[in-house]
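Visitor: got a predicted model here, sequence first, then my questions.
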Amino acid sequence: MSITKIKAPAFHITGEAGWINDPNGLIFFNGKYHVFYQHNPNDVKWGPMHWGHVVSEDLTNWEYLPIALTPGDDFDKNGCFSGTAIVHGGKLWIMYTGFIENSGGESIRQVQCLAESIDGVTFKKHGMVIGEKDLPEGYAPEDFRDPKVWLHDGVFYSIIAARKIGGRGRILLYKSKDLFKWEFVNDIFGKDSPGAMIECPDYNEDMGCLLFCEQFQPSENGIHLNIHTCRYCIGRIDYSTGRFNEESRGIVDYGFDVYAPQTFAGKPLLMGWLNMWDRNVPSEKYGFAGMLTAARRISVKDGRLYQEPIVSCGEAIVKEGPGGEVKDNALKGVVTVKASELESFSMKMRSNGESYTELTLKGGEWVFDRSRSGEAISGAEKDSDSQNGIRRMPYSGNKEITVTIVMDEFSIEIFEDGRSLTSTVYPPEGADALELTVKAAKWQYERRDVNIK
Ligand code: FRU
C-alpha cells in the first residue's frame, strides 16, 4: 500500500507516512541525536515492523533518513522489534528483537539480533546473537524481547523482557565482552510482575533508574487506568548478583498516551510513544498513526523521577496579573504559567468555543479532560474516568509552581513539579484559542511558539 501523510504534528516525530510505535535506539552519534522507531511504512496499522530513522541537532527539528532495518531475514522474518543503539569502536550498533510468527500471525520465536553501521545511516545485519538456547529453563521463547544494552566497566550488559511459561512479566540480565557472545546472568527481580508481560525495559545507569512497561496491568486503586502502564523503579543493578535493588517506584506519566519510554544512551533524556495500544487513532485519515513525545530532560530526586520538556522555541509573549484572565491563541509551542500561592487554575486549550480540552486544579489534584477535545478517542478501559475522557495527576501544592504545557497539532503534554500528563487530542481545524483563569498571589503567563526551521 502506498500512503501519503497529509497533515502532521509540527515537531513531534511521526513516520514519513504510516504507523509508528515505540522509540528505539535513542542515541547521540556523529553530532546528531538519532531516533529510531517501530514503523510500518506500508499501512496506518501495526504490521511488519521496520526501524524508521530521524536525526536532529535541537531535538525539535527532525530530518528523515532511510529506513534503518527492514524485516525479512530468517532471524527477523516478520519484524524488527524494539531495541537499543550503542556506540562501540567508533561504529553504531543496534541490538533488536527478531520476530518470527506462525501462519496464524502468532509469535513463535523472539530472538535478539545485532546490526552495525559505520555512517549511522545504513546498517549491516549480523543475525541472531541471543536465541532460545540462551534462555534459562522454563522461560517462553515467544515472549522474549526489547533488549537494552549499555557498557559497565568494559562489559556490555543487556536487560531483556521475558516471561516464564504460564507466568507473567520478568526482566533477564545478560552480559557480553563483544556484543556477539552473550551469557545469562540473572532474572533481575526474581519474581513475576503484576503485568501479563513486561515490554521495553530501559536502564539509565548514571541515574539509577529502570523503566519498563507492563501489559494488562491491574489498576492498583486507580493508578494504572490505561490497561498497559509504564513504570520507573529507582535503584541499581548489583552486578555481583544480577539483581535489581529497588528503592522506590512510580508511574512514568499520568495521561492517556505514553508507552515504551526510553532514555538516550548515556544521557538524561527521555522520549516515549505518544499513543497507547488498543485505541482508535483518528489521524489514520491523514496518512499516519502514532507519534513520539517531545524529548524530556530527566533527573531523580528523593526517589522520584522528574521530567521537563525540551522544545526549541522563539521569544516569550508574556502576560501577567493582577487580573486573573488570559485570552490567547496557542497551537504549536510551549505555554508556561508560574504562580505563587496558587488558589485556583482553569485552562481551556485548543478551543473554538464548542470544542476544547481542559486542565483544572480540583480537589487538590490536576484534572485533565479531553471529553470535548474533538474527534472521539476510545479504548478498552471500562472505568468512569477513562470513559469520561479524564486523567488526574497529583498537584505539588508548592508555594511557587510552574505549569508547562507542550502543545502540537495532535497532542498536549502537561508538566508540574517533574510529573507529566500526556495525551493525544484531535481538535477541529482552527481550534487554537486558549483561555486561562487563575487566582494566585502573583502569576505570569508565557507563550513561546516552536522554532521550526
Ligand atoms: C511495545 C512493543 C514491544 C515490541 C514492539 C513491537 O509497544 O509491543 O514489546 O518490541 O512493540 O512493535
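Guide: Sure, I can see it. What you see is a predicted model, and the numbers here were worked out from it, not measured in a lab.

Visitor: any low-confidence regions in the protein?
Guide: Low-confidence segments of the chain, defined by pLDDT under 70: 1.

Visitor: mind listing what the residue sitting nearest the centre point of it touches?
Guide: The centroid of the chain falls nearest to residue 272 when counting by Cα atoms, centre = their mean (1.1 Å). Taking Cβ atoms under 8 Å, 6 or more residues apart in numbering as the contact definition, residue 272 lies against 23, 230, 252-253, 258-262, 292-293, 422. C-beta: built from backbone N, CA, C; applies to glycine.

Visitor: try it again at 6 Å.
Guide: Applying Cβ atoms under 6 Å, 6 or more residues apart in numbering to residue 272 gives the contacts 258, 260-261, 293.

Visitor: can the helix or strand hosting it be said to contact the ligand?
Guide: Taking DSSP states H and E as the definition, residue 272 sits inside strand 269-273. No - judged by Cβ under 6 Å from any ligand atom, strand 269-273 makes no contact with the ligand; its nearest approach is 6.6 Å.

Visitor: going forward, begin numbering at 216 instead of 1
Guide: With the count now opening at 216, the last piece we talked about shows up as strand 484-488.

Visitor: please name the strands paired to the helix or strand just after that strand in the sheet, noting orientation.
Guide: Counting by DSSP H and E, the element after strand 484-488 in chain order, helix or strand, is strand 503-504. Here strand 503-504 is paired, per DSSP bridges, with strand 233-244 (parallel).

Visitor: got the CA positions of the partner strand in CSV?
Guide: Taking Å, rounded to 0.1, in the frame of the first residue of the first chain, the C-alpha atoms of strand 233-244 are listed here in CSV:
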residue,chain,number,x,y,z
GLY,A,233,2.1,5.0,8.0
TRP,A,234,2.2,3.6,11.5
ILE,A,235,4.8,4.1,14.3
ASN,A,236,5.0,2.9,17.9
ASP,A,237,8.0,2.6,20.3
PRO,A,238,11.0,4.9,20.1
ASN,A,239,14.1,2.7,19.6
GLY,A,240,17.9,3.1,19.8
LEU,A,241,17.9,6.7,21.1
ILE,A,242,21.5,7.9,20.8
PHE,A,243,23.7,10.9,20.1
PHE,A,244,26.1,9.9,17.3
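
Visitor: got a list of contacts for it?
Guide: Defining contact as Cβ under 6 Å, 6+ apart, one finds that strand 233-244 is touched by 218, 249-256, 259-261, 266, 297-300, 302, 307, 309, 335, 415, 475, 477, 479-480, 486, 488, 504-505, 507.

Visitor: just the buried residues of the residues you listed.
Guide: Listed as buried from those are 218, 249-256, 259, 261, 266, 297-300, 302, 307, 309, 335, 415, 475, 477, 479-480, 486, 488, 504-505, 507; burial here means 16 or more other Cβ atoms under 10 Å.

Visitor: show me what the helix or strand containing residue 399 is packed up against.
Guide: Element membership for residue 399 (DSSP H and E) is strand 397-402. Where contact means 3 or more Cβ pairs under 6 Å, 6 or more residues apart in numbering; DSSP states H and E, strand 397-402 is packed against strand 384-391.

Visitor: just give me the neighbour total for the closest residue to residue 323 other than its chain neighbours.
Guide: Nearest residue to residue 323 in three dimensions, chain neighbours excluded: residue 317, at 5.0 Å (Cβ to Cβ, 6 or more residues apart in numbering). Residues near residue 317, counting by other Cβ atoms under 10 Å, number 11.

Visitor: these two touch, right, residue 317 and residue 293?
Guide: No - with contact defined as Cβ atoms under 6 Å, residue 317 does not count as touching residue 293 (9.4 Å).

Visitor: quickly list what residue 561 is bridged to.
Guide: Beta bridges link residue 561 to residue 575, residue 652, judged by DSSP bridges.

Visitor: what sits up against the strand holding residue 399?
Guide: Residues from elsewhere that reach strand 397-402 (Cβ under 6 Å, 6+ apart): 345, 351, 385, 387-391, 457.

Visitor: show me the contacts for the closest residue to residue 598 other than its chain neighbours.
Guide: The shortest distance from residue 598 to any non-neighbouring residue, by Cβ to Cβ, 6+ apart, is to residue 440 (5.7 Å). Residue 440 makes contacts with 434, 598, 601, as judged by Cβ under 6 Å, 6+ apart.

Visitor: now the nearest residue to the first one once chain neighbours are set aside: how far from the ligand?
Guide: By that I understand residue 434. Distances taken as Cβ to Cβ, 6+ apart place residue 440 nearest to residue 434, at 5.8 Å, with adjacent residues excluded. The gap separating residue 440 from the ligand is 18 Å, by Cβ to the nearest ligand atom, to the nearest Å.

Visitor: could you check how far residue 440 is from residue 468?
Guide: As defined by Cβ to Cβ, to the nearest Å, residue 440 lies at a distance of 12 Å from residue 468.

Visitor: likewise residue 270?
Guide: Residue 270 sits 25 Å away from residue 468, taking Cβ to Cβ as the criterion.

Visitor: who's more crowded, the two?
Guide: Higher neighbour count among residue 270 and residue 468: residue 468, with 27 against 19, using other Cβ under 10 Å.

Visitor: that one sits in which helix or strand?
Guide: Residue 468 is part of no helix or strand when elements are defined by DSSP H and E.

Visitor: now do the same contact list for it.
Guide: The neighbours of residue 468, taking Cβ under 6 Å, 6+ apart as the test, are 635, 637.

Visitor: could you count how many residues lie near residue 375?
Guide: 27.

Visitor: and it, what element?
Guide: Remark: residue 375 resides in strand 370-378, with elements defined by DSSP H and E.

Visitor: what about the spatially closest residue to residue 519 that is not a sequence neighbour, is that helix, strand or coil?
Guide: Leaving out its chain neighbours, the residue that sits closest to residue 519 by Cβ to Cβ, 6+ apart is residue 465, at 6.3 Å. Residue 465 falls in the strand class when you classify it by DSSP: H, G, I helix; E, B strand; the rest coil.

Visitor: check which helices and strands the helix or strand encompassing residue 265 sits against.
Guide: Assigned by DSSP H and E, residue 265 falls within strand 265-271. The contact analysis (3+ Cβ pairs under 6 Å, 6+ apart) places strand 265-271 against strand 247-255, strand 278-284.

Visitor: so which bits of that strand are buried?
Guide: Buried residues in strand 265-271 (16+ other Cβ under 10 Å): 265-271.

Visitor: distance to the ligand added to these, as CSV?
Guide: Below are the buried residues of strand 265-271 laid out as CSV (distance: Cβ to the nearest ligand atom, whole Å):
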residue, distance to the ligand
265, 10
266, 10
267, 12
268, 15
269, 17
270, 21
271, 22
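
Visitor: so how far is residue 241 from the residue in the stretch 466-615 of the chain positioned nearest to the ligand?
Guide: Using Cβ to the nearest ligand atom, the single residue of the stretch 466-615 of the chain nearest to the ligand is residue 475, 4.7 Å away. Computed as Cβ to Cβ, the residue 475 to residue 241 distance reads 11 Å.
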